[in-house]
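Trainee: No sequence on hand, only this structure:
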Ligand SMILES: NC(=O)c1ccc[n+]([C@@H]2O[C@H](COP(=O)([O-])OP(=O)(O)OC[C@H]3O[C@@H](n4cnc5c(N)ncnc54)[C@H](O)[C@@H]3O)[C@@H](O)[C@H]2O)c1
């Protein structure tokens, strides 16, 4: 199915941004929020914001005009979804709110419409349980702020049909964003990793190892500096898997099984795969690493230039 007409239900922070992104990609987008008045207010905000972002050079020239012509407000959820090929649900992260909204979407949508949820953490199978046609339902998880963050998690539950996943994949590709398929476990990939980082960061502060401010400095100026370019597996491959195996042994001595070397790392190291320096690793195959190292050096140097140009993030000011 080629998606041309989209509905976004819940036009708040995430739904509004998702609606802008889809409208700028040339799709016809109808939004519906809690009531007609709220929806109209969101429409006006999204149009105004798109103009401001274009003026500031944050959106491409012509974006505001696309949002103006492609984005519209419906008087009700039913009206918004009636003609849609794809419906994205982005209401509150509360099962008691999402449940009835998803039922209403399914009842009013065309039988062949694909339905996505922007849930951050709720298992998709749980949300799908009450639907009559769960095969056309999946997680389509944009990240915040949706207009600027390029990645989207696609989460099929066990009963989602392949055609629905492919339709969502094609839709995301049209927005210029990158999707990755993820299996249906609470928190998926993004938030499981993000929450573990925050949890450990909070524990460091509670133990008196560092202040919250110093934890943030270390994260963004050391390993966080690599993350726009490489994920944890590529980073480990570049550092050396033997080094990581030794590091895990030390951490396991102090923190126990929780930080024991993962079996997959031990297997690679036992097999002589140390990453870039020997025989490849998790995701970087064996071969000439010189172009990769040159790219990495260029990337980090350019990131440094960007950060100097932007200056430090301003502290939030109270209204
Ligand atoms: N905020 C984030 O950083 C973030 C990031 C990724 C995913 N998400 C997920 O996106 C979803 C939306 O989050 P948000 O941050 O945009 O919340 P939000 O509160 O900004 O927006 C939710 C919107 O849903 C509307 N709404 C409530 N009940 C409704 C109903 N019955 N029908 C139609 N609209 C209704 C609200 O009026 C509101 O505008 C949640 O599932 C959240 O977990 C949030």
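Mentor: It's in. Here the structure is a predicted model, which is why all the values come from computation and not from measurement.
Trainee: Which residues outside stretch 187-197 are in contact with it?
Mentor: Stretch 187-197 is contacted by residues 120-121, 139, 141, 143, 151, 153, 155, 180, 182, 185-186, 219 when judged by C-beta atoms under 8 Å, 6 or more residues apart in numbering. C-beta coordinates here come from the backbone N, C-alpha and C atoms, glycine included.
Trainee: and the ligand, which of the residues you listed reach it?
Mentor: 120, 143 (C-beta under 6 Å from any ligand atom).
Trainee: which residues touch residue 228?
Mentor: For residue 228, the contacting residues are 299, 303, by C-beta under 8 Å, 6+ apart.
Trainee: how close does the residue of the chain found nearest the ligand sit to residue 38?
Mentor: Closest contact between the chain and the ligand, by C-beta to the nearest ligand atom, is at residue 12 (2.1 Å). When C-beta to C-beta, to the nearest Å is the yardstick, residue 12 and residue 38 sit 9 Å from each other.
Trainee: Report the beta-bridge partner residues of residue 29.
Mentor: residue 6, residue 71 (DSSP bridges).
Trainee: you'd agree it is up against residue 9?
Mentor: No - Residue 29 lies out of contact with residue 9 (C-beta atoms under 8 Å); the separation is 11.4 Å.
Trainee: So these two - more neighbours on which side?
Mentor: The neighbour comparison of residue 29 against residue 9 (other C-beta atoms under 10 Å) goes to residue 9, with 30 against 26.
Trainee: Can you mark which positions in stretch 122-139 are buried?
Mentor: For stretch 122-139, a neighbour-count test (16 or more other C-beta atoms under 10 Å) marks 122-125, 127-128, 131, 133-139 as buried.
Trainee: ok, now stretch 181-194?
Mentor: 182, 184, 188-191.
Trainee: List the ones among those that fall in helices.
Mentor: Using DSSP state H, the subset of those located in helices is 190-191.
Trainee: Columns pLDDT on top of the buried residues of stretch 181-194, output as a markdown table?
Mentor: Formatted as a markdown table, the buried residues of stretch 181-194 follow (pLDDT from 0 to 100):
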| residue | pLDDT |
| --- | --- |
| 182 | 97 |
| 184 | 98 |
| 188 | 98 |
| 189 | 98 |
| 190 | 98 |
| 191 | 98 |
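Trainee: which SS class is residue 313?
Mentor: Here residue 313 is recorded as coil under DSSP: H, G, I helix; E, B strand; the rest coil.
Trainee: Look up how far residue 149 lies from it.
Mentor: Distance from residue 313 to residue 149, by C-beta to C-beta: 16 Å.
Trainee: Looking at these two now, which is surrounded by more residues?
Mentor: Using other C-beta under 10 Å as the criterion, residue 313 and residue 149 rank with residue 149 on top: 13 against 8.
Trainee: quick one, what contacts the more buried one?
Mentor: Contacts for residue 149 (C-beta under 8 Å, 6+ apart) come out as 142-143.
Trainee: Can you pull the residues of the chain lying near the ligand?
Mentor: 9-15, 32-34, 38, 77, 90-93, 97, 101, 118-120, 143-144.
Trainee: So which of those residues are in helices?
Mentor: 13-15, 38, 77, 97, 101.
Trainee: Buried ones among these?
Mentor: Buried residues within these, counting neighbours by 16+ other C-beta under 10 Å: 14-15, 77, 101.
Trainee: Quick one: those residues as TSV, columns for pLDDT too.
Mentor: What follows is these, written out as TSV (pLDDT from 0 to 100):
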residue	pLDDT
14	98
15	98
77	98
101	98
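Trainee: Most widely separated two among those residues?
Mentor: 14 and 77 (16.7 Å; C-beta to C-beta).
Trainee: what are the bridge partners for residue 88, then?
Mentor: residue 8, residue 116.
Trainee: before we move on, the earlier item: can you give me the neighbour number for the residue of the chain closest to the ligand?
Mentor: Residue 12, neighbours per other C-beta under 10 Å, totals 14.
Trainee: And for residue 291?
Mentor: 9.
Trainee: Pull the residues that contact the strand or helix carrying it.
Mentor: Secondary structure assigned from DSSP states H and E places residue 291 in helix 290-310. By C-beta under 8 Å, 6+ apart, the residues outside helix 290-310 that reach it are 225-226, 228-230, 238, 276, 284.
Trainee: Any buried residues in that helix, and which?
Mentor: 292, 296.
Trainee: what mean pLDDT does that helix have?
Mentor: Across helix 290-310, the average pLDDT comes to 97.
Trainee: and if you look at stretch 250-270?
Mentor: Stretch 250-270 comes out at a mean pLDDT of 97.
Trainee: Same question for stretch 153-171.
Mentor: Mean predicted lDDT for stretch 153-171 stands at 98.
Trainee: and it, which residues are buried?
Mentor: Quick answer for stretch 153-171 (16+ other C-beta under 10 Å): 153-157, 159-161, 164-165, 167-169, 171.
Trainee: Brilliant, that's me finished.
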